[in-house]
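Visitor: got a predicted structure plus its sequence, pasted below:
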Amino acid sequence: MTADLTSPLAGWTDRLAALAPALTVSEVPFRSQLTVRVSDPGAVAAMGSALGVVFPSVPCTFTAGEGEFGAVEVLWLGPDEFLVVAAPGLQVPIEEVLRGALGDFRGSVVDTSAQRTTLALEGPHVRDVLAHGCSVDLHPAAAPVGVCVQTLLARTGIVLLVTGEDRVMLLVRSSFAEYLAAWLSDACAEYRAVA
Amino acid sequence: MTFRTSTGGAIDRNTLLHFTFNGQKLSGHPGDTLASALLANGVHEIGSSVKLGRPRGVVAAGSEDPTSLVQIEAPFSEPMLLATTVELYDGLEARGLAGQGRLAALPDPARYDAKHEHCDVLVVGAGPAGLVAALTAARSGARVVLVDEQNQAGGALLGVEEYLDDRPSAEWVADIVAELKSTPGVLVLERTTAFGMYQDGFVLALQKRTDHLGFAAPATVARQRVWRIRTKQTVLATGAHERPVVFADNDRPGIMLASSARTFLHRYGVLPGSRAVVFTTNDSAYCAAIDLAESGVDIALIADARPEAPARLATECAARGIEVRAGQLVTGTEGTSRVTVVHVGGEKIECDTLLVSGGWNPVVSLFSQARGKLRYDAELGAFVPGEELSTVRVAGSATGELDLNACTRQGRDAGAAAAGAAGFASGGQVPLPVSDSRCTARSGLVLWRVPGDEDASFVDLQRDATVSDVLRATGAGLRSLEHIKRYTTIGTAHDQGKTSGMIAAGIVAEALGVELEDQRPTTFRPPYTSVSFAALAGRDRGELHDPVRVTAIHPWHVAHGALFENVGQWKRPWYYPQPGEDLHTAVLRECRATRESVGMMDGSTLGKIDVQGRDAGKFLDMLYTNMMSNLKVGKIRYGVMCGVDGMVIDDGTVIRVGEQRYLVTTTTGNAAKILDWMEEWLQTEWPHLDVHCASVTEHWVTIPLVGPKSRAVLGEVAPDLDVSNEAFEFMTWHDTVVAGVPARVCRISFSGELAYEINVTAWHGLAVWEALMAAGEKYGITPYGTETMHVLRAEKGYPIIGQETDATVTPQDLGMSWAVSKKKPDFIGKRSFARAENNRTDRKQLVGLLPVDPEVLLPEGSQIVETDRLPEPPVRMLGHVTSSYPSAALGRTFALALVRSGHERIGETLYVPVEDTLVPVTVTESVLYDKEGARRDG
């Protein structure tokens, strides 16, 4: 179904690929993303079991699991705000399931799949590169795998997920994606020279 | 003649570096600063002073130097650097300055960047106290950052030849640095100056990473980096600066601080001259004199201001044939480009160097920036840290302690306490070294100045500020040091008064007859040393200066030659010129094509907010001036939002998506502001409402398809949709499939023409846009930009918030009383509509203006007056032109304007001053085209 879709960084594939081996950067486009506002514990639990993932209860973390819709991640974005992320093309059925789980409880479910795109970053310098523009402490002790923060990277808002020792996912608003790609490319200049 | 010693110094004597100073070709060695290389070549006169043009030399060996300002000419022009902090490199070209430098005319090609760093313990200063503090903290397992201004650790040890634990101090330093660098979680930053200390452990430091490489600096490596450090605990081991004494003609080249001369000797292997007089108030200068004498400098005399010279040091001097005179003062000097004669006790002594020591000033700048209170230490003659802070500790000579063993003990205690406060238990004691130092600076005499010619007794050498200037300030009645600093400019130069501030305070206290204990020192502010704007800007320049936001269709706009307009951070197509077209002709063409056939634009930047919840309708009723809760599902309504003052802040459409769900649009520039506005009301005033808002601006691409042929085009790409006027009414929406993808199509018009807004997910935007272009080809479908959009809406009198409005305009002023509900019990702004001011009939109201000459285009912003001749000032202004365009549809120019009593003036002739003429205009209704709305349904 992705044949006639264009992702925000479609034109950046080669430039991002050229950053390797200093940093492996690739866009993960078209993922299903749903902004969920819910606070009732029962509704939260119902949503989790419908998706096969326990919603995060610790602020600034994300959880991952597998269920009916395959691998699903749930990002804690605020005291009653989550972002549900799944493989491309599932936003409509997931929205339906989440609405069912929400039932009459106070909350909302919004398809925001194209609102942000995702960048997967990997490499020994990943935390260093990000430290040039991100004021959050990214030291492995302070930001272990499982951390999810909304913050600024340089001059754009991002959601940052630590997915591995040297792996990070960045979610960025689509209109800022090219700025972020340009900033990342520039930030790698020194690490590429070293590599 | 060379003043380089035959051995010693941390320089590489086997390598020659060639450089140019004031056009003269000279050479030095790796390890030199520009200053040490110049002194080695016998060059003492660096530049001249800013006001008086007096020759000036090198006073100190480091960043406290007030005078050795140079302009670097190559590799890249850079002004106002201190020769004492420029590391020498091959090919360096520099020039001495007369006080002020010159900015480069070309952009700086070097990279500059910034990096965030977090730690448990930050140690500032890698002298003996800082090294022990850092190692103590590191051994506890804390994350430690050690920053030091110099290119190597050691601090004051670099400038002396002393032994620690019976081995050269450099070995002791090297061992500690090696252990620090091999400890995980420890970052040692050389050439890094902590220049600002802020609340909550936030410290800024500037690292000079490749300055010292000169021409060999790699282009990909940031030349300088601003470290943005956030630390739990800080140890300030910032050391002390030697203080001069002020006397007549104390500014000549060759007059230098005694410890700095010692530093030039030991660190760089450079002698300050051939024959020196030493003038001191304390013991430390004796060591400089003895070391220099042993290196071959003829020490003519030590003039000790104290009534008695220290016995042991005097004996050592006598053994070396150095004369010591106690109770003697230097009262003046002679010489032009270099000191040649020093006056001591009525005697004139020939020499080429005068070394001065007036004691030591602890470097308390960062402690003071951290809001630490300072206390005057009368024995030291200096301000010292006067309290303990919970997160900032001070160790070493920065406390006023000048004994090395005591300094290192303080370092160890501070390091352990800082690590402990950050939650780390001791990881083993760092052994303290035993020093063989012969000199301490205690038992000094506090002496600010020697009486003499006050016009030539310089307090701040860089500002050419003298004792006379200080006395003029106190004579004028100034008592506060802050005021005197501003009156005299003392301490405001590049060096921020490192050598002059304390002396100025002392002279002021003497002049006023007050005690320094009772005086408040001036406030220390960042930056501690000069930081270039290039470093502060870092990588935020060029394309990264500010984010450029683009829509999913942007590549098409670029490929089709659009020119762009900045709307907030967005780049929006402004117009699409064809070959030979300017703005005017392109816009006339785009307008005509749209009104006569079909046009389309990229409207994706419009703010879009999803509003859900049981109380969504109630919430929107409060936000908008008009009623939204009675909107039927499937319908759309235009809405106006006001602030609490009843002034218009935004407008847009409200789409009722479901029983408990709406989609609202905002103007492009206000999208974030309106979402914040909604959240503010929901979170602070109406938390009981069951409503949630989410931005979906970038989830959707929005394409207005506009013009009489838009229905035909839409019909082709949306075969499932009944596009007839009966089935698809104005201000309704339908979900359908457009060009093969799910779409929401709204019948909304911002031009008065039959129009649709096609919304698809951003991923599909480009493909759908291209499909619409293809389907519309036979109708000559024309892409248009923001300029044409502005003209089309202005012809219909639709205001643009922010162009027609300026936060003083009500909906009624805009002729939109129809959009202000009379039925709703309350909404934001309602109360203000009852104010007398809001109901004045002479408020500025939105009207149209038609220049009597249909060719005349009024400049936007023009004022409007009542008479065809300007009366004597003040001239009463009736209002101003908010929008002005040539119109293809009207065949003439027209304008919108805010005019006093505008609605009553329709039909009147008013005048618009344009350059030297008054242009007559006719006031009309704001709607100028298709007043009856006949074109809306195609």
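Guide: Thanks, I have the structure now. Note that the coordinates shown come from a computational prediction; the quantities given were computed from them, not determined experimentally.

Visitor: ok, and the closest non-adjacent residue to B:Gly8?
Guide: Once flanking residues are discounted, B:Gly8 sits nearest to B:Gly269: 4.8 Å by CB to CB, 6 or more residues apart in numbering or on different chains. Where C-beta positions appear, they are placed from N, C-alpha and C, glycine not excepted.

Visitor: which ones are touching the one you found?
Guide: Applying CB atoms under 8 Å, 6 or more residues apart in numbering or on different chains, we find B:Gly269 in contact with B:Arg4, B:Thr5, B:Thr7, B:Gly8, B:Gly9, B:Ile11, B:Arg13, B:Ala40.

Visitor: if you set the cut-off to 7 Å instead, what comes out?
Guide: By CB atoms under 7 Å, 6 or more residues apart in numbering or on different chains, B:Gly269 lies in contact with B:Arg4, B:Thr5, B:Gly8, B:Gly9, B:Ile11.

Visitor: show me the shaky parts of chain B.
Guide: B:1, B:438-443 (pLDDT under 70).

Visitor: in it, where's the longest helix?
Guide: Assignment by DSSP state H gives helix B:404-421 as the longest helix of chain B.

Visitor: quick one: distance of it to the chain centre.
Guide: 35 Å (CA atoms, centre = their mean, to the nearest Å).

Visitor: tell me the helices in chain A, going along the chain?
Guide: So, for chain A - with DSSP H - the helices run A:13-17, A:41-51, A:91-102, A:126-131, A:177-187, A:189-194.

Visitor: which neighbouring elements make contact with the longest helix of chain B?
Guide: strand B:112-124, helix B:128-139, strand B:224-236, strand B:392-394 (3 or more CB pairs under 7 Å, 6 or more residues apart in numbering or on different chains; DSSP states H and E).

Visitor: pull the residues that contact that helix.
Guide: With contact meaning CB under 7 Å, 6+ apart, helix B:404-421 is reached by B:120-121, B:128-130, B:132-134, B:136-137, B:140, B:142, B:233, B:235, B:237, B:393, B:395-397, B:399, B:401, B:426, B:430, B:432-435, B:437.

Visitor: tell me which strands the helix or strand just after it pairs with, and in which orientation.
Guide: For helix B:404-421, the following helix or strand on the C-terminal side (DSSP states H and E) is strand B:458-460. Its sheet considered, strand B:458-460 pairs with strand B:465-466 (antiparallel) by DSSP bridges.

Visitor: quick one: distance of the partner strand to the chain centre.
Guide: 32 Å.

Visitor: kindly report the same for stretch B:611-627.
Guide: Per CA atoms, centre = their mean, the centroid offset for stretch B:611-627 relative to its chain is 41 Å.

Visitor: for B:Gly765, which non-adjacent residue is spatially closest?
Guide: B:Val701 (3.0 Å).

Visitor: which strand or helix spans the residue lying farthest from the centre of chain B?
Guide: For chain B, the residue at maximal distance from the C-alpha centroid (CA atoms, centre = their mean) is B:Glu726, at 59.1 Å. Using DSSP H and E, B:Glu726 sits within no helix or strand.

Visitor: still on that earlier bit, the residue nearest to B:Gly765 - how many residues pack around it?
Guide: By other CB atoms under 10 Å in any protein chain shown, the residues close to B:Val701 number 26.

Visitor: follow-up on the earlier one: now render the contacts of B:Gly269 as CSV, adding neighbour count and secondary structure.
Guide: Shown next, in CSV, are these (neighbours: other CB atoms under 10 Å in any protein chain shown; DSSP: H, G, I helix; E, B strand; the rest coil):
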residue, neighbour count, secondary structure
B:Arg4, 23, strand
B:Thr5, 19, coil
B:Gly8, 16, coil
B:Gly9, 20, coil
B:Ile11, 22, coil
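
Visitor: just checking, B:Ser457 touches B:Thr466?
Guide: Yes - if you go by CB atoms under 7 Å, B:Ser457 and B:Thr466 touch, sitting 5.6 Å apart.

Visitor: and the lowest-mean-pLDDT helix or strand in chain A with chain B, contact?
Guide: Ranking every helix and strand in chain A by mean pLDDT, DSSP states H and E puts helix A:189-194 at the bottom, with a mean of 82. Yes - for helix A:189-194 and chain B, the contact criterion (CB under 7 Å from any CB of the partner chain) is met by A:Ala189, A:Glu190, A:Ala193.

Visitor: show me the contacts for the residue nearest to the spatial centre of chain A.
Guide: Nearest to the geometric centre of chain A sits A:Leu171, at 4.2 Å (CA atoms, centre = their mean). Taking CB under 7 Å, 6+ apart as the criterion, A:Leu171 is in contact with A:Arg116, A:Thr118, A:Ile158, A:Val159.

Visitor: change it to 8 Å
Guide: A:Leu75, A:Leu83, A:Arg116, A:Thr117, A:Thr118, A:Ile158, A:Val159, A:Leu160, A:Leu161.

Visitor: so which of those residues reach chain B?
Guide: Restricting those to those adjacent to chain B (criterion: CB under 8 Å from any CB of the partner chain) gives A:Arg116.

Visitor: ok, and the most crowded of the contacts of A:Leu171?
Guide: A:Thr117 (28 neighbours).

Visitor: contacts for stretch A:142-161?
Guide: By CB under 8 Å, 6+ apart, stretch A:142-161 touches A:56, A:60-63, A:73, A:75-77, A:83, A:116, A:127, A:130, A:132-137, A:162-165, A:168-173, A:176, A:179-180, A:183, B:118, B:539-540, B:544, B:546-547.
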